[in-house]
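Enquirer: Give me the fold of what follows.
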Amino acid sequence: MKKIYSVISAIFNPLMVAVISFGLIIYDDIILPLDHLLFLIAVIFTTLLPFITIIYFKKTGKIITLNTPIRKERVELLAISAIYNAFGFILFVTLGASPILKGLMFCYAINTAIVWQITRYWKISIHMIGIGGPIVALWIYGFNYPLTMLTIIIVVSISRIALNAHTPTQVIAGTALAMILAYFELTYLFL
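Expert: Numbers count the residues shown, from 1 in each chain. Alright, predicted model coming up:
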């Protein structure tokens, strides 16, 4: 069972969820030339640069494993990722991306910065932060699949708890925080 939970955690890794979420929104409509550029920016600033940084931190001994189970090892990575996301947001604004895309990238930047501050004192579930926000964005955008979305939240939550990566409180807090922040940021600032 542990192997199944590990696979679920890998599939729903926040870096992968970002690519899928942006891809679903960008390529849902008619494909425009700018869409490919926006998707590339999303991949670079939410996934590729954070992943390269994680690899670099592993090679230099700043982190023990790639999934950074130790809270203190996550702090610097989260700060750097928030900066990457902020640059992605600036590029989206500059290129005139749609409000939902700008809003989602804004959520990544601001919410990652908030999680960075929380992580300085307490280990919150980054997996659930990485799922909760995008689910809200996809829902607001029009991907209304409550059973699928709820199933993903439950299955990933169980996986993170079963792997002893997080306590139930850390998982619930991550999910709730991400969903609440994303909802308010998207609806009040961008849509």
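
Enquirer: and the longest helix seen in the chain, average pLDDT?
Expert: The single longest helix within the chain, with elements called by DSSP state H, is helix 71-95. On average, the pLDDT along helix 71-95 is 96.

Enquirer: And for that helix, what's in contact with it?
Expert: With contact meaning CB atoms under 8 Å, 6 or more residues apart in numbering, helix 71-95 is reached by 34, 37-38, 41-42, 44-46, 49-50, 53-54, 57, 62-64, 68, 101-102, 105-106, 108-110, 112-113, 115-116, 119-120, 122-123, 126. (C-beta placed from N, C-alpha, C; glycine too.)

Enquirer: now with 7 Å?
Expert: 34, 37-38, 41-42, 45-46, 49-50, 53-54, 57, 62-64, 68, 101-102, 105-106, 108-109, 112-113, 115-116, 119-120, 123 (CB atoms under 7 Å, 6 or more residues apart in numbering).

Enquirer: how about it: buried residues?
Expert: Buried residues in helix 71-95, counting neighbours by 16 or more other CB atoms under 10 Å, are found at 73-75, 77-78, 80-86, 88-89, 91-92.

Enquirer: Toward the C-terminus from that helix, list the very next helix or strand.
Expert: The element immediately downstream of helix 71-95 (helix or strand, assigned by DSSP states H and E) is helix 99-119.

Enquirer: Direction-wise, compare that following helix with helix 71-95 and give the angle.
Expert: Note on geometry: by axes from the mean of the first three to the mean of the last three CA atoms, to 10 degrees, helix 99-119 and helix 71-95 are set 160 degrees apart in direction.

Enquirer: to the chain's geometric centre, what's the distance from helix 99-119?
Expert: 8 Å (CA atoms, centre = their mean, to the nearest Å).

Enquirer: Tell me the helices and strands packed up against that helix.
Expert: In terms of contacts (3 or more CB pairs under 7 Å, 6 or more residues apart in numbering; DSSP states H and E), helix 99-119 is packed against helix 14-26, helix 71-95, helix 126-141, helix 168-185.

Enquirer: switch to 8 Å and redo it
Expert: helix 14-26, helix 33-43, helix 71-95, helix 126-141, helix 168-185 (3 or more CB pairs under 8 Å, 6 or more residues apart in numbering; DSSP states H and E).

Enquirer: V155: which of the ones you listed is closest?
Expert: The closest of these to V155 is helix 126-141. By CB to CB, the value is 10.1 Å.

Enquirer: could you check the angle helix 14-26 makes with the closest one?
Expert: Using the same axes, to 10 degrees: helix 126-141 against helix 14-26 is 10 degrees.

Enquirer: Pull the distance from helix 126-141 to the chain's centre.
Expert: Distance, centroid of helix 126-141 to centroid of chain: 7 Å (CA atoms, centre = their mean).

Enquirer: May I have that helix as PDB, with CA atoms only?
Expert: C-alpha atoms of helix 126-141 as PDB (Å, rounded to 0.1, in the frame of the first residue of the first chain):
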ATOM      1  CA  ILE A 126       2.500  21.800   0.500                       C
ATOM      2  CA  HIS A 127       0.900  18.900  -1.500                       C
ATOM      3  CA  MET A 128      -2.500  20.000  -0.200                       C
ATOM      4  CA  ILE A 129      -1.700  23.700  -0.800                       C
ATOM      5  CA  GLY A 130      -0.700  22.700  -4.300                       C
ATOM      6  CA  ILE A 131      -4.000  21.000  -4.900                       C
ATOM      7  CA  GLY A 132      -6.500  23.200  -3.100                       C
ATOM      8  CA  GLY A 133      -5.700  26.500  -4.900                       C
ATOM      9  CA  PRO A 134      -5.700  25.000  -8.400                       C
ATOM     10  CA  ILE A 135      -8.900  23.200  -7.800                       C
ATOM     11  CA  VAL A 136     -10.600  26.500  -6.800                       C
ATOM     12  CA  ALA A 137      -9.200  28.200  -9.900                       C
ATOM     13  CA  LEU A 138     -10.300  25.400 -12.200                       C
ATOM     14  CA  TRP A 139     -13.800  25.400 -10.500                       C
ATOM     15  CA  ILE A 140     -14.100  29.200 -11.000                       C
ATOM     16  CA  TYR A 141     -12.900  28.800 -14.600                       C
END
